[in-house]
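Colleague: give me a model of this one.
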Amino acid sequence: MYDLLVVGGLGVDVRVRVPAIPLPVADSLTVDPIDLRIGNTGAGVALAGHALGLRVAVVDVLGADPAGDVVRAALARTGVHAVLGHAPAGTRRSVNMVDPAGRRMSLYDPRPWAGPSPFPAAELTALARDAAHVHVSIMDWVLPLLPALRAGLADGALLSTDLHDWDGADAYHGPFAVAADLVFVSGVRLGAGPDVLAAALAPRTVLVTRGAAGAELYPGGGAPTRVPAAEAPAPVVDTNGAGDAIAAGLIAARLRGAPTAGAAAYAARVAAAACTHDGMEYPPDLLPRR
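Modeller: So this is what the prediction gives:
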């Protein structure tokens, strides 16, 4: 039995520290050492959940390439249980440019999936049945398997998803939102429409994140509650993965019996702490467990 099953979203991040975003126009710039390490959204949720003491499993596809080896090695170091299929197009990767204030811009290479499903529907149903919470990344191979994941949910288990910078209209994101009980979405492209979005997704719980401006929690289509951003306990060095840490924190708190509003406030503290660490392999005791 696992506390958290993360479906999809493994990859590598090529982290580059830059003097400013956007970059100055120049033929070349000298930067700090460029790191290649585990990253992308599913890894962020899985590793933050593990750092918070959850029993975590992750299922996804990886390439038979050096990038995939980086991911496999990181998962082995943490002890996160991995169910991995083969990605013929190779492992997903991102180039994350991070400025001196810790802000980032990501260039994402999704390595689109082609061909039949990498996992039988019955296998995904069985994996979901063995988890207290299922978190689904918006990967292309996952889309046709959403019914199988919902079919496997145990009594009382929830399914969540992160729609990232959805504009509320892009049709691709819709099935993930409809399949979920708990929806995370960045407010960066929603403009003045989060109320409309939350109402459309009722009775689902929606958390609209706004970085340093905090978040708004819409409990099942009800009146929103503002969730202030938490103060980082140390200097911010990298905001990459902050949204994934919020998701892991809220999931962890809900699994421990916290009410949704209290879970969201706790999740903000988890995200603030995550921003003080460079990368997603969090050292022991960095992320608050209460």
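Colleague: mean confidence score for the helix or strand that contains Ala76?
Modeller: Element membership for Ala76 (DSSP states H and E) is helix 66-78. The pLDDT scores in helix 66-78 average 96.
Colleague: now swap in stretch 201-212 and tell me
Modeller: Here the average pLDDT along stretch 201-212 is 90.
Colleague: ok, stretch 29-36 next?
Modeller: 90.
Colleague: give me the phi and psi angles of Gly249.
Modeller: Phi and psi for Gly249, reported as degrees, to the nearest 10, are phi -60, psi -40.
Colleague: in this structure Thr260 contacts Leu217, no?
Modeller: Yes. The pair Thr260 / Leu217 is scored as a contact, 6.6 Å apart, by CB atoms under 8 Å. Just so you know, the C-beta spots here come from the backbone N, C-alpha and C atoms, and that holds for glycine as well.
Colleague: what do these two both touch?
Modeller: The contact sets of Thr260 and Leu217 overlap at Thr205 (CB atoms under 8 Å, 6 or more residues apart in numbering).
Colleague: looking at the two, which one has more neighbours?
Modeller: Using other CB atoms under 10 Å, the more surrounded residue of Thr260 and Leu217 is Leu217, with 23 against 18.
Colleague: where does the more buried one fall, secondary structure wise?
Modeller: Leu217 belongs to strand 215-218 when assigned by DSSP H and E.
Colleague: ends of stretch 217-226, what's the gap?
Modeller: 6 Å (CA to CA, to the nearest Å).
Colleague: where exactly do the strands run in this protein?
Modeller: Using DSSP state E, the strands of the chain run over 2-7, 11-17, 35-39, 56-62, 81-86, 93-98, 104-109, 131-136, 158-162, 182-186, 205-209, 215-218, 225-227.
Colleague: now these as CSV including distance to Arg256?
Modeller: As requested, these are arranged in CSV below (distance: least, CB to CB, whole Å):
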stretch, distance to Arg256
strand 2-7, 10
strand 11-17, 29
strand 35-39, 26
strand 56-62, 15
strand 81-86, 21
strand 93-98, 31
strand 104-109, 30
strand 131-136, 11
strand 158-162, 14
strand 182-186, 15
strand 205-209, 17
strand 215-218, 18
strand 225-227, 18
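Colleague: for Leu287, which of those is the nearest?
Modeller: With CB to CB, the closest approach to Leu287 among the strands of the chain belongs to strand 56-62: 13.2 Å.
Colleague: count of neighbours near Ala148?
Modeller: Look at Ala148: counted by other CB under 10 Å, it has 20 neighbours.
Colleague: brain fart, Thr78
Modeller: Residues near Thr78, counting by other CB under 10 Å: 18.
Colleague: grab the nearest non-local neighbour of it.
Modeller: His50 (5.3 Å; CB to CB, 6 or more residues apart in numbering).
Colleague: contact partners for that neighbour?
Modeller: Val56, Thr78, Gly79, Val80.
Colleague: who wins on neighbours among the residues you listed?
Modeller: Counting by other CB under 10 Å, top hit in those: Val56 with 27 neighbours.
Colleague: what separation do you get for that residue and Gly49?
Modeller: 5 Å (CB to CB, to the nearest Å).
Colleague: please enumerate the shared neighbours of these two.
Modeller: Residues touching both Val56 and Gly49 by CB under 8 Å, 6+ apart: Asp3, Leu4, Val6.
Colleague: dump the residues you listed to TSV, plus pLDDT.
Modeller: Listed next are those as TSV, based on pLDDT from 0 to 100:
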residue	pLDDT
Asp3	98
Leu4	98
Val6	98
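Colleague: from those, pick the one nearest Val16.
Modeller: Val6 (26.0 Å).
Colleague: give me the nearest residue to Gly79, chain neighbours excluded.
Modeller: His50 (7.4 Å).
Colleague: check contacts around Gly44.
Modeller: Here Gly44 is in contact with Gly9, Gly241, Gly243, Asp244, Ala245, Ala248, Met280 (CB under 8 Å, 6+ apart).
Colleague: pLDDT score for it?
Modeller: Predicted confidence (pLDDT) for Gly44: 97.
Colleague: quick one: it from Ala242, how far?
Modeller: On the measure of CB to CB, Gly44 and Ala242 end up 9 Å apart.
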